[in-house]
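In: Sharing a sequence plus its predicted fold:
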Amino acid sequence: MTAPATRLPLSAQPAGRVPDDAPVLPDHVLAATGRPGPGPRFADPVWELRPFLPRSTREGAIVFASLDDPVVALVLREYLYSRLRRGNSALVRRAPMKLTGIFGTFQKAKIVIATLRDVGAARLSDATAAHFEAALERWRSVSAEEAAVRVTALKHLFAHGPFLTAARLMVNPWPGRSGHAVAGVVRDPENSTERIPEDIIAPLVKAAVFYVTTAGPDILAARREHAELTVEAQKPRSFGGNGSARTRVESYLAELRAAGRGVPALPEGQARRYPHIPLVGGVVQAPNASLVARLAGVAKSAEIRRYLTEAAEEIGYETGGLRTAMAPWPGTGLPWRPGLGPAELAAEVVHMRTACWIVIAYLSGMRDAEVRELAPDCAFTETGPDGRPRRKLRGKVLKGRKLTGDEAEWVVLDVVHQAVALLAAVNDDPTHLFAHKGMTSDDLVLFGSVNKRLNDFRDHLNRLFSPAEAPYIPWHTVDGATPDPAQDTHEPEGDNTQEPVLWRLNTRQFRRTLAWHIAHQPFGIVAGARQYQHAELALFEGYAGTSASGFAAEVAAERAIAQLDYVEDLYRDWNDGHRSSGGAASRVNAEFDRIRRELGDLPGITASPARLRTMLQHLTKTLHPGILNDCFYQHSTAVCAQRAQHAGRPLPLLTMCLTCPNARRSTIHLPRLTTARAQAQHPLDAPAALSRLQTAALTIHIDELDHAIAELHPETESPAHD
């Protein structure tokens, strides 16, 4: 029998050697997965766990055979066995370890034991406080974050010591202090995941959407053509001695001449076997006789290769060879890529899958595992409360949930449904949208190594779409550095942060970047919808909706940071001597003045940026950034609240904001005020006659705008009007 999962203090658990034939997995894990059989046994040299894990989990087995020390192997077996069954009341993680965490736990414990051995503790029982400090210094030399992870693993090893019979820690490492505190890590309230810069994410998503909507159908058409050619190639064919066969080849070559095309060339990968064959403009100067034979409907032979070589002297060579035409790339109006052959087609299918991953992940806010665990029938449409259709995905949330995940839904755009349909057309797994049959076996393979595929896709886009003067996905510059056009597209060597580098994409960045863009729109969700050109506001709202994946919480956290960033910008603008106006200006400026006195700032200088943000925090609770002014809302004086009492709730009255006691304007509003005035003046200058009431309303509104502009620029006359 397996020991039940428990949250009791570890000291209350009985110690004892685990039997060699004991099942590794607790009963509750076996029951949750519904898999038959007990799974691996305690003494197995390999714990094969793949059948019990989500398919998106990268690792599948714990291999003890690779450990050369039997004592360490037993310690790790007992430690993992205990972690799967028992929580740790001394640390934050009070519940037993989730099965998906076993691989990281195994690696961390191995590193901790190896480090202690390197600093002089041959066994865990030999370790002293001095050994802990020596190990800590080694881990800190990598990074403080790395040290915090290792210290936490060390604390877990001590806490589970009563269940380790081969060796155990006898000294409690840094009692009463967390791993972060020991390593000196200060938690940043902002998400530490890098956000993809706008100049990189914009072309990347544009190209991914292009693959889904335009290139994808081309790839599917080429797949169908290739499949038909494969079937035809299985029929008996000939070339020499058969006049009709020669006629077919000549007819095919005439077709190429008429279309201005060259003879299909060998794929570059195959040409590496023949180093003597030259490349001209990236095209191998040798015919793909096998493909041409299929296209012309004849048998491949030495005769056809000679015939094609002679023809190529006249019409040249081209990449690919399939007849399927390529749609134009909007940036140039030319075909989005040279022609496709079987090898190029296989590579493009991989890139198309990557593009689908980007579209689904970025336009939904889903995590990588949530995307790759989608089922083929995940897309559906339902009518929302407002009567409009809502396109959704149905999937599972895995992070922080039970092993099998919890059901969840995401609101998405139509292009996401198109990506799902595209994947369903090329993948043949009955349970996973991103799984397909492998090239070398009939095993169904789940789309993996996503970080590598993302960066391969970036490089592929640069090869396809880069203009002559710059790469399509630009270099990422640090501290104002600029790319050297003479450099190739490989990343510069060394760790000089002043050098421009290719941005390294990873799966976590997409969710963070989307959350940031939603939260940092200065005028809320409407501006976000315009920024991403979403057709329906409700779909954009769905990104920050109530999905069980916790994306709404991430958006809320980003929005809080965005509010504080904006207030800090207002303070710096005021501290640099720029003017402000509006009913709330004196109140807010007085608060800014108090903060500056406490900080000891000088105009144009901020003495303590971190302390400044702490002191400005309270202002974010009432701030509502606006187009023509900011609102520091107070219900008792808000004009919109006073004028909307009959409705039972406050309603925005936009024309009242210019004179509201809660409004504050600064120099960032000046261009918008000027634009608003020009827009208001335009109907008065138009030849079409307005009614007297319309003319009066516009004139009053222009007077208010002129006054607001003059307050920010008192030395300049307000614009004249008729």
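Out: Sure, I can see it.

In: hang on, isn't Gln476 packed against Ile196?
Out: One thing to correct before we go on: residue 476 is His, not Gln. No: under the criterion of Cβ atoms under 8 Å, His476 makes no contact with Ile196, lying 9.4 Å away. In short, each C-beta sits where N, CA and C put it, glycine included.

In: what touches both of these two?
Out: Common contact partners of His476 and Ile196 (Cβ atoms under 8 Å, 6 or more residues apart in numbering): Trp503.

In: Looking at these two, which is more packed in?
Out: In this comparison of His476 against Ile196, neighbours counted by other Cβ atoms under 10 Å, the higher total goes to Ile196 at 23 against 16.

In: Check whether the more buried one really touches Thr513, as I assumed.
Out: Yes: contact status for Ile196 versus Thr513: in contact at 4.6 Å, counting by Cβ under 8 Å.

In: Could you confirm Ala167 falls within a strand?
Out: No: looking at Ala167 with DSSP: H, G, I helix; E, B strand; the rest coil, it is coil, so not inside a strand.

In: State the distance from it to Met656.
Out: Distance from Ala167 to Met656, counting by Cβ to Cβ, to the nearest Å: 75 Å.

In: Can you pick out the residue with more neighbours from those two?
Out: Set side by side, Ala167 and Met656 show unequal neighbour counts under other Cβ under 10 Å, the larger going to Ala167 at 20 against 15.

In: Please name the residues that touch the more buried one.
Out: Contacts here follow Cβ under 8 Å, 6+ apart; on that basis Ala167 touches Val71, Val75, Arg123, Leu124, Ser125.

In: Give me the phi and psi for it.
Out: Backbone dihedrals for Ala167, given as degrees, to the nearest 10, come out at phi -170, psi 150.

In: Make residue 1 into 770 and carry on from there
Out: With the count now opening at 770, the last piece we talked about shows up as Ala936.

In: Check what pLDDT it gets.
Out: Looking at Ala936, its pLDDT stands at 92.

In: do the same with Ala977
Out: Looking at Ala977, its pLDDT is 95.

In: Check the burial of it by counting its neighbours.
Out: 27.

In: Hmm, it is touching Met1121, no?
Out: No: Ala977 is beyond contact range of Met1121, at 9.6 Å (criterion: Cβ under 8 Å).

In: which parts of stretch 1085-1095 are buried?
Out: Judged by neighbour count (16 or more other Cβ atoms under 10 Å), stretch 1085-1095 contains these buried residues: Gly1085, Tyr1086, Glu1087, Thr1088, Gly1089, Gly1090, Leu1091, Thr1093, Met1095.

In: repeat for stretch 1154-1168
Out: When neighbours are counted by 16+ other Cβ under 10 Å, the buried residues of stretch 1154-1168 are found to be Arg1159, Arg1160, Lys1161, Leu1162, Gly1164, Lys1165, Val1166, Leu1167.

In: could those residues go into JSON lines alongside distance to His1229 and pLDDT?
Out: Converted to JSON lines, those look like this (distance: Cβ to Cβ, whole Å; pLDDT from 0 to 100):
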{"residue": "Arg1159", "distance to His1229": "34", "pLDDT": "82"}
{"residue": "Arg1160", "distance to His1229": "28", "pLDDT": "86"}
{"residue": "Lys1161", "distance to His1229": "31", "pLDDT": "88"}
{"residue": "Leu1162", "distance to His1229": "26", "pLDDT": "91"}
{"residue": "Gly1164", "distance to His1229": "27", "pLDDT": "90"}
{"residue": "Lys1165", "distance to His1229": "30", "pLDDT": "88"}
{"residue": "Val1166", "distance to His1229": "31", "pLDDT": "85"}
{"residue": "Leu1167", "distance to His1229": "29", "pLDDT": "82"}
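
In: Tell me which stretches of the stretch 1120-1269 of the chain form strands.
Out: For the stretch 1120-1269 of the chain, the strands defined by DSSP state E, counting those that start in this stretch cover 1148-1152, 1158-1166, 1175-1181, 1204-1206, 1213-1215.

In: Between those, which one is closest to Asp789.
Out: strand 1213-1215 (33.0 Å; Cβ to Cβ).

In: What strands line up against the closest one, and which way round?
Out: Strand 1213-1215 sits in its sheet next to strand 1204-1206 (antiparallel), going by DSSP bridges.

In: chain center to the partner strand: distance?
Out: 23 Å (Cα atoms, centre = their mean, to the nearest Å).

In: Contacts made by it with the rest, please.
Out: Surrounding strand 1204-1206, the residues in contact under the criterion Cβ under 8 Å, 6+ apart are Arg824, Val1195, Asn1196, Asp1197, Asp1198, Asp1212, Leu1213, Val1214, Leu1215, Phe1216.

In: again, 6 Å this time
Out: Counting contacts by Cβ atoms under 6 Å, 6 or more residues apart in numbering, the residues outside strand 1204-1206 that touch it are Asn1196, Asp1197, Asp1198, Leu1213, Leu1215.

In: Can you tell me what sits against stretch 948-966?
Out: With contacts defined as Cβ under 6 Å, 6+ apart, stretch 948-966 is touched by 913-914, 916-917, 920-921, 943, 1277-1278, 1281-1282, 1285, 1330.

In: What of stretch 916-932?
Out: For stretch 916-932, contacts defined as Cβ under 6 Å, 6+ apart pick out 779, 784, 847-848, 851, 857, 859, 877-878, 881, 908-909, 937-938, 941-942, 948-949, 951-952, 954.

In: Quick one: buried ones out of the residues you listed?
Out: Taking 16+ other Cβ under 10 Å as the criterion, what is buried in these is 779, 847-848, 851, 857, 859, 877-878, 881, 908-909, 937-938, 942, 948-949, 951-952, 954.
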